[in-house]
Every structure is written in C-alpha cells, then in structure tokens.
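> what follows is a protein structure lacking sequence information:
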C-alpha cells in the first residue's frame, strides 16, 4: 500500500497566522480509502525550501499531496516551482481559461492579467477541474511517485479532493474498496463505551476495524470493512448494527456523520414539534448551535437568554421566591425557566440551562462548573445537575452538548 | 539567527482526528521573539519515524521544538525515543515525582505505576517544570542543536512555552530584545487600511516592521521593533501610535490583543450601561460572543432570539404592520427589534440583527446574505443594511462582527 505525504505550503502557516485545517481533512479522507499519511510537512513560500521538501517527501511516500501557493499574487510560487521541478514549460490550458473568464463574467468584474495566468499549467500535467475557484488542481507522475497540487482555500481543496483526487488515487493504486459505517453516540465516555461493546468488538470479522473518535460530550464510532473478496461488503457491515444497538441503543443518536443539533432537528420535524431555549450560563450558545443547521426555522422559534434574574422573572416567569429559595443555579429555577420558555415563546418543547461557567462566581456549595439543565414539554419537565470545570469556554460547550442530549433523550422517550 | 523546526508527534494528527493548533501558537510566539519557523512536521508515534524526522530537522534548524507523545500510555513513545537518540538512561527526577504525587493527592485519586513513570527523564536533559500537568518538558543540547520536548495538551504546551521555553531561547541565543505593539481595528478591509496608512508605514524606522493579521471583519496590526542599540525601544514604538490614530482613529478599537466583544464590555463598564440583544439571523451567536467574556454578567443582562415573527411581536413588541409592510429582513423591523429589546429586557443599549443566512430563504429582492443591523440607546436608533454571502456560518459570524462594530461605534460617538 503506498504511503501519503501531505505538504502544506505558505508562510502564513509557519508564522501561525493560519491554523492548518486542510491536513486533518485530508488525513481523514485518505484514511477512509485505506491510505496512511506518513508525514505532514508545512513549508514556506520559498522555492528552494519547497524543492527540498519535495525531494524528501518522495523518499517517504509514493503519493505527495500539496495545498497552497496557487493564488494570483507574486508570493504564490507553487506552480512555477513545480514546472521547474519537473522540467516543464508553463502552457495555457484552454478549458481553465474559459472557466476563469466565465467566473469573472458572472461576477461582472474586470479580468486582470494575473487572473488570466491562473490558466497556465506545467506542460504534461493532468489538470484537475476546480469547479469552485480559479486555480486548477494539477496531477503529476514522476519516477513512480504521484504529486498533486491543490489550492489552499479549504472549500476548494475539499471539492477537488472529493471529486477528483480521491477517485483517481483509488483507480491509480487499485485500492481495495473500503466501506465505512459511522455511528454517532452521546452521553457516555470513550472507555465506558468500549467496555459496553468489548464482546461485540472482539467478535468482529478480521477485516473489520473499529475506531473511536471522541469529541466534547460525544463519541463517533467508525466501523471500517476492507474488501475480503466476498460479496455484499456493505450489507455485512450494516448487519453489525443491530448487535451494536442492543448494547448502546440509548446512546446512539444517528447513523452517519450527523451532528447532535441536526439529529434533534430531524426528530422535531418528524414529531411536528417546535422548540425554544431559555439560557443563562450558555449565553446563547445552545441557540446558535441549533440555528447553525440550515432550515432550523422550520422548528426553532426563538430563545430568551436570561443572564440577569430580572430577565428570568420578566421574560420567563420564573418566580422570585424560587430564585430566593434555591438561587439561579438550581434545578428548581432551571425547571421554571424551561416551563416559562414554553409558555412565553409559544413552543412545544423548551430547554433551559443555568450554571456557573467561571472563572468567577463560584462558592463552596456551588463551585465553578455547577450546571443545571431542564427540558419541558407537554408531558412534564425533566432536569439534571452536574459539576465539571474545564474552563469557561469548555464548560459552556459541554453544557450545551449535555442539554441537547437531554432533549434528544426526551424526544425519544429515554428521559 | 537560528531557525526553528516544529515537530508535532502523534498518529491522531496524521489520521486527521485532531487539528494541529499547537504549531500555529508556537509560530506566533516564536515570531514575537524574532525567530523564524523553517518547517513544521507532523509525524507518527513510531520510533523509527520520529528518529528520521529528528535527523532531518536538525539539518534544517538549530532549534527543534517537539510536542506530543509524553502521555502515560504505551503508544506515547517520545521520551523513550529521545533517551535512545541521545544515548541516555531514563532516570527518576525527584522534583517531578513529588509534583505528580501532589497532583494525585490533590484530586484524591490513586496513583498507578504508569503515573509514577511520568517522573522518568533521560539523564542529562534539563527538566522544564510543567505546573499544570504531569509530563515535564525536557531540554536537550546535542551538537549545537537545541531540542525541546513538550506535552501535546495545548494548555500545558502554552504554559511551558511562555514560562520556560521562550525565555530560555532568548537567553541561549542572545536574541535581541523585540517589542511589539498590537493595534486592533474593525470595519475596514486590509487593502483599504494599507492605503490609509501607506505614508506612515513608509516612514517607519528601518528596524520597525508592520504585519497585517486579518480575520473576519477585523484586522490586527502588529508593529514590531527590533533592538537597535538605542534606548527606549518601547516608548519609541508607542510614539508611533498618535500618527496611526490620526489615520485610522475611528477603526481602532483597542491597543493590545483584545477581542471586539471584550473592548465593548470595557466601554459598557466605563459608561455604566447595560446591554441586551435581539437576534434573528444570528440565532444567539452575538449573545454567545458577548458572554464568552468572563465577567460579562456585569453589563450583559439578556437577549431575545426571535427567529419566528410571533416571537418578534410578542417578546420584542415589533408591530405586525411593520413586518407586513417591510418584511422581517428590513431596517424598519430590525430597528423595532432593537428598541423593543431595550424596553422588554430593561437594558440601556440593545442591538438587533435580522437577515437571510442561507442557504435557503433568499429572493430576487432580498438575496441570501441580505443583513440588517440596528443599535438602540437612550439617544435613538441607528441601523445598517448590507449584502454579503459566503455561506451560512460565515454570514452569521460576519454579521455578528458587523453589529458589534456598529455598537462599538455607537458607544464611542462614531455612529
């Protein structure tokens, strides 16, 4: 199996002005077709340093994927360096020129000579059409090594990877087909999950592999099946699902790469329910997650962010006596917030958060990281309290995941 | 001047499970003390591949900074590889052992043998105290090259860099002192800024250098002065500020690394004003930005996220006639939202957003990316409208920056 080297090019990466997110995307996608990334190198815009990196990369890997340095400005050198590296002239690629002209025509902007130069490519390379930008991708083969150059703009690179590069790599290296099944879980940590499915994992066929991909409050399970010469790989992969559901049913919220907020949107649409939020410590973070889903307006009606107690009382109908007796950070208050949001926002289901995000505001009894959650619907109200302090921003994000998971459980009859 | 190579170690980086944010932080911090990063390499947890990368890094750079692979589990190899690489035995470092024991005692958790092994270090290395974790940093010198190993956990690495590594590098390589002045601007693109200050930039002393660091809706200007043997470097740097303010006054919102939402918090506290938001298209993103600032509860009271028109009418008092005549996405509506938020939330100043974030919901007259903003205070209401579509999430984030900047202008008498 050929190894891959990723080379990201640009001074802005070395200065730390830009975080290299391209490499992680490429690493994930390459892994899905069974290719291993041997090394990632970020290098400057200097020609000699790009050449030195190319020389070393080809010694480690049979596939070298480059991003960056294809813009129209004079510090973007990659194309010129590659032309020299492979001893080729730059020649105009007519379909690319027409594509660039089209783009400028569509936006009604004048085309400059530097834009026209986007259509120049080293002779002999295979041009990969960039449907969403002006700089084409380029595929070279030299001494048995494949070199691919792509723009550094993430969405252009992603489209080129999916549409052009990955299919060509699969074909060129006759990669055995691989099938993946992603199962999204929430509410249980990686090691507890692993324990619950240990017997199932141990009994997987030898060509099946399980990866745990944890993020805050959620673990993705990726089950990968490598072709074994037998038919129906996909259905054999899917045949593993029922046994997994038996062990993890209540923690699974989706099959496929679906964020929790989108899975919730789907449940709400199916059940024809509207949603609102009443947030204190999360300060709108839950609402912004929910509304990050395109089409959220079909079920999300609105929120009250009630940082101050006056807002909790006036906009949500929380009773002053409850606040006096239990404090703002209490299950009693957060339940009234959720119930009040249902009424005041006119929604079927409302969630609520109240807690101490920190770094200040903690006490002996209620330390920083004390978090209260509630979900109210026509059947009643459920609430939870927990304490976890990992810094203000993570506290907010973790609480958001936790209340969304409580909502998900409520919508599926688990809470 | 010695060059630096950054080596981040861990299979999770190559698989793309984790985005390497450590390198960008290190690149920024090294740049501030005048060191250039020559290359960033991410390598696997395999001993032979780490050794090969070390061999190459020392040929490119005189300083090699490593992160990762220092955890207690068996796939964390860095320490063992380094011991072998430098021909040293692993020996117990007593102060580190006491520190690890302290941490476990404090959290009341039993200490396992793997935890005790965190105190083993290659003989002869200089141990760098990790105040916030169990894995110490390690400083090696070999054949004129400095090698530093740090944990991969971002906040541990950051603390080690600031407290231990950067000061030692400055001393070891007798780096000339460098002073920085960061000026935060909002509301003007990079090229327009550059035009406005071209004469000022051209007249800077030769040892002064200006960097433009753009992000969504904001540009940081970093003015760097390298020591020139003359006294008062800092004050000569600061002496450049008045001329910069003359040219950019209204766009400058802070001196120093201060996010816009924190600068606004400072203004509100100074003016003893409370704030609330009324958000439609931004769906709580503005509120979550404002509440990401620790201590925001001193001035931020709450928000109404009014996605649905009923919520705009009921919770914010927007008039149905206004919605009927102008639509939800209009300056007329967004002004009533801001004014309503002032009243209903009982705040001194309120901002409001309404727009079409996309990808759906656009029309001929109001295409996706049409955004309306308003700020209302005791003196009246200001509003703006613009159109810019760069995808749902960026539309939301850009609109948030824009309305925060309008608020900032209002609070400083500019709007």
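Good, I have the coordinates. These numbers were taken from a predicted model, which means no experiment stands behind them.

> go through chain A and flag its longest helix.
Longest helix in chain A, counting residues (DSSP state H): helix A:392-411.

> for the one helix or strand residue A:310 maps to, the distance to its chain's centre please.
Assigned by DSSP states H and E, residue A:310 belongs to helix A:309-316. On the basis of CA atoms, centre = their mean, to the nearest Å, helix A:309-316 sits 35 Å off its chain's mean C-alpha point.

> so residue A:325, which of the three states?
Here residue A:325 is helix, with the state taken from DSSP: H, G, I helix; E, B strand; the rest coil.

> thought it was touching residue A:332?
Yes: between residue A:325 and residue A:332 there is a contact at 7.2 Å, judged by CB atoms under 8 Å. Heads up, the C-betas are built off the backbone N, CA and C, glycines and all.

> ok, the two, which is more surrounded?
residue A:332 (18 against 11; other CB atoms under 10 Å in any protein chain shown).

> wait, is that one part of a helix?
Yes: assessed with three-state DSSP, residue A:332 lies in a helix.

> check contacts around it.
Residues near residue A:332 by CB atoms under 8 Å, 6 or more residues apart in numbering or on different chains: A:322, A:325-326.

> and the gap between it and residue A:385?
10 Å (CB to CB, to the nearest Å).

> could you look up the SS state of the closest residue in space to residue A:240 that isn't next to it in sequence?
Distances taken as CB to CB, 6 or more residues apart in numbering or on different chains place residue A:223 nearest to residue A:240, at 6.3 Å, with adjacent residues excluded. Per three-state DSSP, the secondary structure class of residue A:223 is strand.

> gap between residue A:223 and residue A:300?
As defined by CB to CB, residue A:223 lies at a distance of 32 Å from residue A:300.

> one more: residue A:132?
Counting by CB to CB, the gap from residue A:132 to residue A:300 is 29 Å.

> between those two, which one's more packed in?
Neighbour totals were compared for residue A:132 and residue A:300, and residue A:300 leads with 25 against 15 (other CB under 10 Å).

> do you know the pLDDT at that one?
According to the prediction, residue A:300 has pLDDT 98.

> also residue A:75?
69.

> quick one: residues contacting the closest residue to residue A:71 other than its chain neighbours.
Distances taken as CB to CB, 6+ apart put residue A:135 closest to residue A:71, at 6.8 Å, once the chain neighbours are dropped. Residues near residue A:135 by CB under 8 Å, 6+ apart: A:70-72, A:118, A:151, A:156.

> run the last query once more with 10 Å
A:69-72, A:76, A:78-79, A:96, A:100, A:118-119, A:121, A:149-153, A:156, A:160 (CB atoms under 10 Å, 6 or more residues apart in numbering or on different chains).

> now do residue A:372
Residues in contact with residue A:372 (CB under 10 Å, 6+ apart) are A:280-281, A:326-335, A:337, A:352-356, A:366, A:383-386, A:399, A:403.

> let's go with 7 Å and repeat that
For residue A:372, the contacting residues are A:329-331, A:334, A:354-355, A:383, A:385, by CB atoms under 7 Å, 6 or more residues apart in numbering or on different chains.

> quick one on the thing from earlier: let me know the closest of the contacts of residue A:332 to chain B.
Of all the contacts of residue A:332, residue A:322 has the smallest distance to chain B: 17.5 Å, by CB to the nearest CB.

> assign the closest one to helix, strand or coil.
helix.

> would you agree it is in contact with residue A:335?
No: taking contacts as CB atoms under 7 Å, residue A:322 lies outside contact range of residue A:335: 8.8 Å.

> quick one on the thing from earlier: how about the contacts of residue A:332 in JSON lines, adding distance to chain B and pLDDT?
JSON lines is the format used below for the contacts of residue A:332 (distance: CB to the nearest CB, whole Å; pLDDT from 0 to 100):
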{"residue": "A:322", "distance to chain B": "17", "pLDDT": "98"}
{"residue": "A:325", "distance to chain B": "21", "pLDDT": "98"}
{"residue": "A:326", "distance to chain B": "18", "pLDDT": "97"}
